Each structure stands twice: as C-alpha cells, then as structure tokens.
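K.L.:
what shape does this take:
(4 chains)
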4 protein chains.
Amino acid sequence: MQELNASNKMIPLVRVGVVGATGYTGAELLRLLLRHPQVELKMVTSRADAGVRLDQHWPNLRGECNLSYVVPDLDALAEACDLVFFATPHTVAMSMAAELLEKGCRVIDLSADFRIQDIDCWESWYAAKHQSPELVRQAVYGLPEVSRSQMHDAALIACPGCYPTAIQLGFLPLLENDLVEPDSLIANAASGVSGAGKQASVPNLFTELSDNFKAYGVAGHRHLPEIVQGLNAVSKTSVTLTFVPHLLPIIRGIHATLYAKPRTMDVDWQSLYEQRYASEPFVDVLPAGVYPDTRSVKGTNMCRISVQPIVHSNMLCVLSVEDNLTKGAAGQAVQAMNIMHGWDETLGLMQIALNP
Amino acid sequence: MQELNASNKMIPLVRVGVVGATGYTGAELLRLLLRHPQVELKMVTSRADAGVRLDQHWPNLRGECNLSYVVPDLDALAEACDLVFFATPHTVAMSMAAELLEKGCRVIDLSADFRIQDIDCWESWYAAKHQSPELVRQAVYGLPEVSRSQMHDAALIACPGCYPTAIQLGFLPLLENDLVEPDSLIANAASGVSGAGKQASVPNLFTELSDNFKAYGVAGHRHLPEIVQGLNAVSKTSVTLTFVPHLLPIIRGIHATLYAKPRTMDVDWQSLYEQRYASEPFVDVLPAGVYPDTRSVKGTNMCRISVQPIVHSNMLCVLSVEDNLTKGAAGQAVQAMNIMHGWDETLGLMQIALNP
Amino acid sequence: MQELNASNKMIPLVRVGVVGATGYTGAELLRLLLRHPQVELKMVTSRADAGVRLDQHWPNLRGECNLSYVVPDLDALAEACDLVFFATPHTVAMSMAAELLEKGCRVIDLSADFRIQDIDCWESWYAAKHQSPELVRQAVYGLPEVSRSQMHDAALIACPGCYPTAIQLGFLPLLENDLVEPDSLIANAASGVSGAGKQASVPNLFTELSDNFKAYGVAGHRHLPEIVQGLNAVSKTSVTLTFVPHLLPIIRGIHATLYAKPRTMDVDWQSLYEQRYASEPFVDVLPAGVYPDTRSVKGTNMCRISVQPIVHSNMLCVLSVEDNLTKGAAGQAVQAMNIMHGWDETLGLMQIALNP
Amino acid sequence: MQELNASNKMIPLVRVGVVGATGYTGAELLRLLLRHPQVELKMVTSRADAGVRLDQHWPNLRGECNLSYVVPDLDALAEACDLVFFATPHTVAMSMAAELLEKGCRVIDLSADFRIQDIDCWESWYAAKHQSPELVRQAVYGLPEVSRSQMHDAALIACPGCYPTAIQLGFLPLLENDLVEPDSLIANAASGVSGAGKQASVPNLFTELSDNFKAYGVAGHRHLPEIVQGLNAVSKTSVTLTFVPHLLPIIRGIHATLYAKPRTMDVDWQSLYEQRYASEPFVDVLPAGVYPDTRSVKGTNMCRISVQPIVHSNMLCVLSVEDNLTKGAAGQAVQAMNIMHGWDETLGLMQIALNP
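P.N.:
This is a model prediction of the structure:
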C-alpha cells in the first residue's frame, strides 16, 4: 500500500534505471522520468561516458540531477532498480534483459529487440542472431491503444518504434472494422532528424539536411515488418503495406500520410475515429477538415489524427502525427510504465507543447 | 539574321518585359533573364511598386539592373517588348494577353490562366469568370518534355504549375506505355514555402512553419485538374489521381513521391525512365537505388527522378524533385522562351546548384 | 488561510485573466498558467477573436482549456479576476490598468507601457502620448533579481522586455561592483523570430528569414532606454551602452554577447557571477569555459550566463541566453505573480527544456 | 597570345588541379571552376575517395564533369596542371607546395598554411611544426582589396580565411585613415555551419545546431592572429582586437558586426566607405541605413558592407557579410586566379544570389 510523502508523492517510489541514455531517446526518457511523481531515478549507465555527470552530457538537465553515468552492471542494476529501461541500439537489451528479469526487475525496452515475433524475420532485417528468442514470446508489445490489458502484468514490454506507432494508430480503426481493402495500404511518412540518433555521421550534419528533403529506405525499411505484424493482428485478412519514409529538416516529429482504398465510401469516418479513440488519453482526433502539424505535439505524448475521405478518387487519407522521441519512444515507454504499475496513465506525460 | 555583338551576344537581342515581378516567381525570372545571353530586359511592371528600383525590392539584384518598376501599360509594353512574361496572380494575364498578342507580342504566362482547357473546370477551381476562353484554346501548355514541337511557333504559352511539372514528369513514362493501372495513381507531394508566394500572412510566418510539417488541401487542390488533364493526354484510359500536398520547412523545392500499381512487375523500370528522358536536358534519371534530394536541384532547372519498384507490395514508387521556382515556374518559362525562338534550349539555364 | 483541495491545489485559487492572448507572448502565458497549481484561468480577451475557442487559435491547447476569447470589458474582468495580465501591444495596458487597479485587481503588464520612468523618453521611443504617467511611478519594474522585495506588495508590475532581461542579468554583477568602465558597454544581441510577434508581415515570412541572418535597429532600438535605465539603477556612474540587435533564424531564444572594459583583470570573474546568482532560481552561471546555447533554455524560465575574460585584449565578455517568450516575457510574468503572492517562486516554472 | 575557340573560350585554357576537393570548400571551388571560361579542370585528388566520380560525391555536379578523384601525386599534378588549388586541412599544402612550385606550377592555397608570417605564432595556434617557413615569406596574402598588385605575379597565393575576409574588409577604411582608436576594435561575428567542414561530428549534427545559437572560441580563435596581422598591415599603430565567433543555424554566410571607437564623429562615414570600395567589383557598400543580410550574398563572391554611426554612444558599427565558402574561400581563390592571369577579375564569379 502506498502512502503520500511530504511532496505528495506516493511512497515508496519505484526505483528506475536507464541503460544507455547517451542518445536522444535516452535523453527524452531522462527528461520525463526526472519529473515523474512516482519514480526515483537511481542509475543511468553508459560504458563510453562512465563517470560523466548527466547534466554535463545534457545541458538541459543542469540543476535537475546529480547522477553520473556508470558502467552497466547487471547486479548493480538489479539491486538498485525495480524497473530498467533500455534506450540502447538493438542487440543490447536482448543480451541483458533475461538476467534482469530473473533478478526480479521489470524491463521496458525501447529498442527493436523484442518487437518482432518472427525471429527469422527479425534476424533478416537486423542482420544479427537473436540471443533471446524465448523472451520475444514473453514480451508484450507496448502499444497501449491495442494491448493495454496485457501490459498491466507484463514483466517485459517492447516499446513500438516511432513510425510503427503513428502508422498503426492511423490505420487501426479501418482495419479493425474491415472497412478498407487490406492490400491497398500505403504509408508515406516523414520523420524529424532526431530519429536517426546522435551518432556522428556526415549524412546527418546540419549542412546536409538543412533546407533539404528526401526519401530513404524506399525499397525496404526495418520498421516495415513491425508495422505489418501490428496491422495483421487487428485485420481480418493479412495486409499489404507500401511504406516509404522521408527525412524532414526538423528535429522532432513524425508525419504519416496514410492511404487506403475503402470498401465503401458510405461510412462516417469522422465518427469512426472519434469513437475508437474517445477514451484514449494520448490520441486526439481532430475536427473534420483540420489537419495536424508536427509542432502541435512536439515534446508531448500525443498522437493527433485526421481522417479525410477524398471523394473524387474514392480514396481515404489519414494523417497521423507524433513526436518520434515521445509518443514514438520515451513517452510511450513512460505510458507503459504507468500502465504496468496501475497508475493514472497520464502521470508525468501532460506537458503542453510550445507554440510557437 | 542574327550577328555577334561585342559581348558575343547574338543581335538583335529579344526585348522582354515582365508583368508583376514583385513576387518570388518574378524574382526568379529576373534572376534568369538578367543572365540570359539573348535577352534584353526592357520593362518590369508593378502597380504597387511603380517607381521603385528593382534592386531595392530585390537586394540580390544590386549592381545587376538599373530598371525601376513601371505601372503596367499595354501600349508601352507592346512597344518596348517582343515577348512579355506574366508572373502575376491568376486573372491578370487573361485580361491583358489578348491585346498584347494583337499588338504583336508573344506571351508566356506563368500563372494558371491558360493551363486548363476545360473552362468550367477552371472557373470552379479558381472561383472566377474566365475572360479569355478563346485564348485558352490557342495557348500551348508549355511542358517541353511533352509538347516541345507545338511550342516552337506558339504565340502564347501557359507554363505548367510547380506540382504539375514534377508529378507529370514522374508519371509520364508509365502512362505513355500503359504500364500501370490508371486508377491507382497517388501523388504525395511536398513543397517549399516559396510556393506560397510573398504575401504577408500569419500561416507563412517563420514562427509558424519553421521546425514544422503538415499536409494541406487534402480534400482538393487547384493543381489537381491540371495534373489530371496532363496525365490523361498521354494515357490510353483516363486516370484517377489522389494528390495530397504538404508544406516543407524549406524555402525552395518540390518533392513528389508517386505511387502506381504496375500491370506487371516484369519491366525494366530503370531503362524505361532512362530512355524516355535520354535526350531531355532538364530531366535527370538517377542510378537505380539513388534517391533525389531537393537541394541538388535548388536554383536549377533540373528535375531529378528515381524509379523504385517495391517488390514486397507489388507497387511502383517514383520520386521526382525540382525547384518549384525554377523548373516549376521561371526556369521552365525561360526554357519555353528558348524553344519558341529556336535557341539552344539550355541557354541561361545551366546554373550548378550550391552544395552544401 | 489556504487549504488543500482534492487535487492538492491550495484553495482558494487565484483567479486570473489575460488581456490580448492572441499573440505569442500570450500563448506562452496561457501555456504556463494552465499548468500553474495556484491559478484558475477565468477570462481571456480578444476583440478580434471574441467567440473563438482558445484551443482553436492555439492547437497545442486542445484538451487543456474550454475557454473562448471574450471582448475585453473592464467590469467583467474585475469581477472575474483577482489578477489581470496584459499581453498586448503597447498603449493598451496604460488605458485599462488604472480602472482595474481601482476595482481591486492586481495587474502584471507584459508590454512596455510601464517600464520607462522617464515619460518623455517613453513617448519619444514609442511615438505615443502616455495616458497614465502616474501609474508609471507606481509600477514596480519586475526583474526579480534586482527588485524582488518591492515586488511582494506591488499592485502593478511592469515586466521587463526580452533583450533587457538577458542584458541586465549579464551586466549586473559588473556594475553593482563597479568593476568595469561604465562607458564601455556593448550588447551585441540576437533574437529568435517570435520576438517580432504574430502579425502578418512580409519581412517575417519563412521565406525571408530562413537560412538568413541580419542586424536591425542598429542606430537605435526601443529596448535601449529600458536597458540603460536598469543598468544606471545599479551603477555608481551612469553607463553608456551600444546595443545592436540581430534577427536569428530560430523561433525562440535570445543570445546576448556583452562586452565591457574591466578596470582591472585581477578579479575572479567566475566566483563573482556564481556568488551573485547563487540563490537565484532562474539564473544559472555555467562553469568556466562552457558557453550557453539558446536551446538549453528553450521553453524554460532560465537565464544561462557565462563570463569569459579575454586576456589578449584585456576585455570581458559575458554571454547570456534566455527564451525571449519565457524568462524574457511570460515566464518572468509568472515568476512575478509567484512573488506577489508569496508563493514558491518556481511554481509552474520548472519545465525541463527539450534536448534535442 | 590567346585566341577564341569554338565556345568563345580563349585558348589555350589554363589547366587546373584541385587537391582535396572532398570538403565543402573544395565543392564550392569545383562549382566555380566548372563554369569558368578560361579554365580546364584536369585533376582532382583525394586519397580517401580515389576512384570515385566527383558527381557521385557531389550530386549537384551530375552532368557537369566526368572526372573521378585520383590519389594525389606530385608528378602527375605538375604534368597535368598549370595551377593547383589546395582545398585541404592545414599542414597538407605546406608539405606539397614547394615541389609543385619547383616543377613550374602556380599554387593557390585555401588553407591556413601560408597565411601567417610569424611562424611561431602559426605553430602555436595550429599546434604543428611548419614545414615550409621559407614559402610563407614568398607567399602573397590574397586579399585583392589590399594586395592586388602583388598578386599579379605571385607563384603562391595564400587565400584569406572566411572570418578574416569579412572583418578586414569591414575595418580597412577606418584603419587606413587612422579614424578610430586602434585598441578599441571588437569583431562580433557569426558563421554558417559549412565553415565547420564536412567531417562527421556530433556537435555539427542537424539535431544539435538547428533552432539553436551559441558562441564558441571566445577565449581565442585561430583566425585572430590572421585578422590582426592584416589590420596591423594597414594601421599606423598596432591594433587590439576582441574577436568572438558564433555558430548560426544557416548553411552558408558570415555576418560580422564590428565596433570601433572613432577619434571623432565628424566624418562622412558613408562616403568614406563608398569611395574606398568604389572600384572594387566584390565589395558593395549599401546605402546609409540599409543593413546587409547573409542571404543576399549566398553563393556569390560579394561582400556587402554597411557603416552606421551610433550617435548616442559615440561608437561606430560596421556590418559586413559574405558567403564563407565563396568570398570567404573558393570565390576569393578564383578571384586570385583571375588576377594572377591578368583576366577580368570577375570571370566566372558573377552569379546572382537566389532570392528567396
């Protein structure tokens, strides 16, 4: 039973650790965890930056946190933490999660390690041998709008990728109700540059991306099988999806423009979407004719969606935006944590976006 | 018969005027005309800025031109100019072109006034009564890659719009050869902000568009009928096109991501495109697997195209980029002028894009 | 005596109104007030947008607020509100504040109306007749780091301008201790575009400002007399300041690069600054050799300062950054409100900046 | 004696090579050389990219050039080229220039190797042992506005740095005429990101620099001794300069805001500047009260300057802008080449900047 402490936080606080918070997803996670009322940040690991204060690496955290990075150590993590987040490149979580779970920690993985149930498929897209296939079966795919009930008691949650979140939320009402031809799906999506991470690379220099726009991964992208797996899970018949990502000269934000061929145009699309998401705290269906922009969700956990029938071509267009680092990664991870602990799902996630 | 003058320009130069060069399309036209070897810029009109020097309005022209804007006057234009460009909002050219043509000028219109052959359709999209329907029939639609031969002797050329240029050039090889299902076409396109013109407006402020991205005109956009008209002209059966434009936080550039359902995947798409555009000076088909970015054509008259079959979804994706102010407007107008006069089509249009 | 209500807010909440929240300063104020634990937002006025829901004007507020703009009315404001903020262009607050004060409201003005004690000076820079000179004398200039004690009981607070806040905080430790030559001060400052407001204007279009940089107001800027007044108030002898503002292609942020000629270099500048601001919650002196960037304070009420002696030229350089809309406007107004009510000064102002 | 060839180029063309054109300065040089009427680009070297086509590395060059990078080889360079440009990091040119000069090539170095006459000073700022101190004495510092006459017959020209060009051109008229106190000089300058080169690095990522602004190198920057050397050369007494660079979220452009204390305000500053630069093709003094923006010179070899007396503080402010890659590097190198060969100084350098 939890009680209120002097700061009106319930006690005892959940003790959390973050493995690998030197990238942008990790930074966003730190930002959210440091303001979360039920959480105490106990340990943040980084092999490369061990000994460096977090607020030296991330100047926005000055005054917020006295922790320094420590070398990742499973015993120390398990001792210090009730819950461990992985904000690491793929292949890290799958090598550490099993032991943490055995030691009694719960785990939320923001990487791709536990998202794909088909191990062969995962190994082919990620060019690596999977080291914990049994955990993949155990992991709950943490898209609350679909699998909230399974998330409550999960020990291991695989957070959805950024594109997969925006695209699945956009298509769900159509596929759940079998309203579109499942082989007609197109996801034309664009992401801010933070999705590419914090690694030094020439293609991600300011000079290369500013005042510029292009597609990438047209022939195939790692997020494709994850999206298809999620869409198939709610569709009567298996879907065929064309997914073309683009790189936007903005820091944060994903904008998905989705196309599907309706079986009939005689549907109240607006009501369909409004009702599907009426009780979802982080999906906001815009009024008919209003289209979302990425800025209105920047730094928030909100996904904003518009549905627009295109009469002259008998097509349906759905627009779905999110912040790739928040609802597309760290925010959704915190939402998962809230669900796992039975807390109000919005705890620590009610920031209002800046405007402008 | 033309001769060489002291600057190695052929004489006599063609005397050109520009109506309405206070917007961005006009500025781009001035930039190109002032360096064109066969042209003498004689008169630039603006009712609002009459008396103002061009280089006061456009600081990049300092040292390049001593002209000032003058009030538009048909007699003066006709006397001073062999050729008049209209870089005006719609409804201006249609009220002035007839008289200029009668007085012996040739006319190149960069606005939408003469692009749509179906007058009812034009009037419905542009919410105005057309004042020169007879000239619409006479006008040649100036997409050189399609109608070069008719442009040679044209007295009046209607320059294609920015989206229509990129999208038509992307779809042409497929439709001309009846290789895709004509009712499956989707054009997901994104434009730099200069496409919105130089009018003061809150939605186009830096504060509203920077670090932001959104769709607009999803239910319908004025360029739709123009694109469909152009595609139908080369297609065996009439096409159905879904066209969704987006607004990019870049100054110049259009990126069109085109989707079409192939009748068969057993086509060498790369060769198809390379051969179709082999002799086109301003269409560059990229090597297989290389995708174009908007920056590589910024400030140039080039349209860069990639074609990418997407095997897993049995779909064809074509990427087409251009500078909306150059190949999408003023550059194409200069190309039209070159064709009209039998000059080398690349005269004055061989700028190399900046990188970075 | 205040009690805790069900949401752990102290009751009764202070009822606040905002006059003129259709601009960017007002939007930032709404963002902060809607999350402030001691405040109930009761009334927001706009003559032009009366009847429009706030969240229609500001999409980031969807789900946060059901209010609509109402026509400004002094009786209604005074009845509904304990405290009224003015987020209006100059000359509005000076015509309404007196009556509100008489009716018992407290007033915080974010505009320039009550900042300058020298009425002639104000009238000359703002090109208007001042309508409430007596209130100017009564108003407290709300820079907490200087005048906190007078702010406690103030009925009317004039919030400092954006440039004046960053520049005064940068120079204060030097002038208070008479360590530099007072006629040697230079403030080379640069502001994000949001400082120019939300009015439609060609110079503030994305196309004009993106990928661009320039100085403005070099011969003189309205913030100059305000800065000089503030610096003189803490300096033994009156100062001479050269102030040159520039326009940055960023949305939010002010960066001031300050120069002063030290009387001696034999000073521990780092300690001087650290000690001066040791107890200030919203001034953060960076470690020696670390320079601030505008992003690390974006959306926060923090001012970050570095002091760097330049040995080879015997000069002192101080770098001072803030978010022009937060510490430079709305955040500082909320800080003033907190001080006026004896609350913890950081209430509602502890957002962590996004990174990246 | 040169003759006209079929393309109206004078023959024989000068054969040029570029060492190290894989960075941004080199790319700009290639762009200019490929359009230069008197030049044939014969050889471009890169150890890392040997065998790669230039237009694969730089997509803007597609269709412009069939060359591939070759491994640098002094014999091959000397045989193929009359003139060799170095667009390399420092320490490369100083190891190769002597042999090229002996073999009869002329050399234009865009790096810092030959800019500083004081070898100890150079070695201390560049943390390397200088390998060709004798060539430093022989090299002509290639700022045409100062040393044009010595450039005519130079075998080796050291191109000025980007900041040094903008800052020297801004201060020259004041120092040449002894109109300001030489120990009062401040150069507050800001550069676009391309000045940092094309190396992969976290601080130069889009995510780190976009929507951000900061100072760097405040305590000292490598360009300081070069600027001081140049200013001292024209000043009666040696100058003291405070130089603080900043990093702008733009791709190209330097903006220098210069401050100096006038000995008297009784000078016609506008005429002083206009007359000083009346015959300079690449320095444009703006009308009084008009301030330059970086965009108006982007991609051009122009330096635009405004001089603004600030009456209330008895200070002089000079604004100087250039494109750091053009007038600040490659354009100035081409200007130097033109001067060396006695050609019209503007050959190949008359591009009009884009607007917008």
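
K.L.:
residues of chain A that sit close to chain C?
P.N.:
A:8, A:24, A:27-28, A:31, A:34-35, A:58-64, A:194, A:198, A:210-211, A:251-252, A:284, A:292-293, A:295-296, A:298-299, A:350-356 (Cβ under 8 Å from any Cβ of the partner chain). Every residue, glycine included, has its C-beta placed from N, CA and C.

K.L.:
now, which of the residues you listed lie close to chain D?
P.N.:
Answer for the residues of chain A next to chain C near chain D (Cβ under 8 Å from any Cβ): A:Tyr24, A:Ser194, A:Lys198, A:Ser210, A:Asp211, A:Ile251.

K.L.:
that older thread, and the residues of chain A next to chain C, which of them are buried?
P.N.:
Buried members of the residues of chain A next to chain C, scored by 16 or more other Cβ atoms under 10 Å in any protein chain shown, are A:24, A:27-28, A:31, A:34-35, A:58-62, A:64, A:194, A:198, A:210-211, A:251-252, A:284, A:292-293, A:295-296, A:298-299, A:351-356.

K.L.:
A:Gln168: which element?
P.N.:
According to DSSP states H and E, A:Gln168 maps onto helix A:162-176.

K.L.:
which SSE is immediately downstream of that helix?
P.N.:
strand A:185-191.

K.L.:
check which helices and strands that following strand sits against.
P.N.:
helix A:162-176, strand A:241-247, strand A:254-260, strand B:185-191, strand B:254-260 (3 or more Cβ pairs under 8 Å, 6 or more residues apart in numbering or on different chains; DSSP states H and E).

K.L.:
does anything pack onto the longest one? Which helices or strands?
P.N.:
When you say that, I think you mean helix A:162-176. helix A:144-151, strand A:185-191, helix A:223-234, strand A:241-247, strand A:254-260, helix A:269-276, strand A:303-310, strand A:315-322.

K.L.:
returning to what we had before: closest one to chain B out of the ones next to chain D among the residues of chain A next to chain C, please.
P.N.:
A:Asp211 (4.8 Å; Cβ to the nearest Cβ).

K.L.:
wait, isn't that closest one in contact with B:Asp293?
P.N.:
No. Between A:Asp211 and B:Asp293 there is no contact under Cβ atoms under 8 Å: 10.2 Å.

K.L.:
any idea how far A:Lys103 is from A:Leu41?
P.N.:
As judged by Cβ to Cβ, to the nearest Å, A:Leu41 and A:Lys103 stand 19 Å apart.

K.L.:
looking at the two, which is more packed in?
P.N.:
A:Leu41 (21 against 14; other Cβ atoms under 10 Å in any protein chain shown).

K.L.:
grab the nearest non-local neighbour of the more buried one.
P.N.:
A:Leu33 (5.2 Å; Cβ to Cβ, 6 or more residues apart in numbering or on different chains).

K.L.:
go on, A:Pro182?
P.N.:
Nearest to A:Pro182 is A:Val239, by Cβ to Cβ, 6+ apart, at 4.3 Å.

K.L.:
any idea how far A:Leu224 is from that neighbour?
P.N.:
A:Val239 is 11 Å from A:Leu224, by Cβ to Cβ.

K.L.:
can you check A:Met350 too?
P.N.:
From A:Met350 to A:Leu224 the distance is 33 Å (Cβ to Cβ).

K.L.:
with A:Tyr291 instead?
P.N.:
25 Å.

K.L.:
what's the answer for A:Val307, then?
P.N.:
From A:Val307 to A:Leu224 the distance is 23 Å (Cβ to Cβ).

K.L.:
check what pLDDT A:Pro12 gets.
P.N.:
What the model reports for A:Pro12 is a pLDDT of 81.

K.L.:
what's the burial count for it?
P.N.:
12.

K.L.:
same question, the one 5 residues further on
P.N.:
Each residue near A:Gly17 was counted by other Cβ under 10 Å, and the total is 27.

K.L.:
helix, strand or coil: sort out it for me.
P.N.:
strand (DSSP: H, G, I helix; E, B strand; the rest coil).

K.L.:
that one pairs with what?
P.N.:
A:Met43, A:Val84 (DSSP bridges).

K.L.:
surely A:Gln56 is in a helix?
P.N.:
Yes. Per three-state DSSP, A:Gln56 lies within a helix segment.

K.L.:
farthest from the middle of chain A: give me that residue.
P.N.:
A:His312 (35.0 Å; Cα atoms, centre = their mean).

K.L.:
contacting residues for A:Asp323?
P.N.:
A:Asp323 makes contact with A:Arg252, A:Gly253, A:Ile254, A:Thr294, A:Val297, A:Lys298, A:Gly299, A:Thr300, A:Asn301, A:Gly331, according to Cβ atoms under 8 Å, 6 or more residues apart in numbering or on different chains.

K.L.:
out of these, who's nearest chain C?
P.N.:
Of the contacts of A:Asp323, the one sitting nearest to chain C (Cβ to the nearest Cβ) turns out to be A:Gly299, at 5.0 Å.

K.L.:
nearest spatial neighbour of the closest one, skipping sequence neighbours?
P.N.:
According to Cβ to Cβ, 6+ apart, the nearest residue to A:Gly299 is C:Leu354 (5.0 Å).

K.L.:
with A:Asp293 instead?
P.N.:
That would be B:Lys214: by Cβ to Cβ, 6+ apart, it lies 3.7 Å from A:Asp293.

K.L.:
hmm, back to that, pLDDT value on the residue nearest to A:Gly299, please?
P.N.:
98.

K.L.:
how many residues are close by A:Thr91?
P.N.:
A:Thr91, neighbours per other Cβ under 10 Å, totals 16.

K.L.:
ugh, wrong one, I meant A:Leu347
P.N.:
17.

K.L.:
name the nearest residue to it, sequence neighbours excluded.
P.N.:
In this structure, A:Leu347 finds its nearest non-sequential neighbour in A:Asn338, 5.1 Å apart by Cβ to Cβ, 6+ apart.

K.L.:
now swap in A:Pro281 and tell me
P.N.:
Using Cβ to Cβ, 6+ apart, the nearest residue to A:Pro281 is A:Thr346, at 5.1 Å.

K.L.:
and for the closest residue to chain D within the stretch 1-150 of chain A, nearest residue in space, chain neighbours not counted?
P.N.:
Using Cβ to the nearest Cβ, the single residue of the stretch 1-150 of chain A nearest to chain D is A:Tyr24, 6.8 Å away. Leaving aside its sequence neighbours, A:Tyr24 sits nearest to A:Ser194 (Cβ to Cβ, 6+ apart; 4.8 Å).

K.L.:
for the one you found, which residues are in contact?
P.N.:
A:Tyr24, A:Ile251, A:Arg252, A:Asn324, A:Leu325, C:Pro356, D:Thr207.

K.L.:
let's verify it: helix, strand, or coil?
P.N.:
Per three-state DSSP, A:Ser194 ends up helix.

K.L.:
pLDDT below threshold where in the stretch 251-356 of chain A?
P.N.:
Along the stretch 251-356 of chain A, no part satisfies pLDDT under 70.

K.L.:
residues from it in reach of chain B?
P.N.:
A:251, A:253, A:255, A:257, A:259, A:289, A:291-295, A:298, A:306, A:308, A:310-315, A:317, A:319, A:321, A:356.

K.L.:
please consider this matter closed, and thank you.
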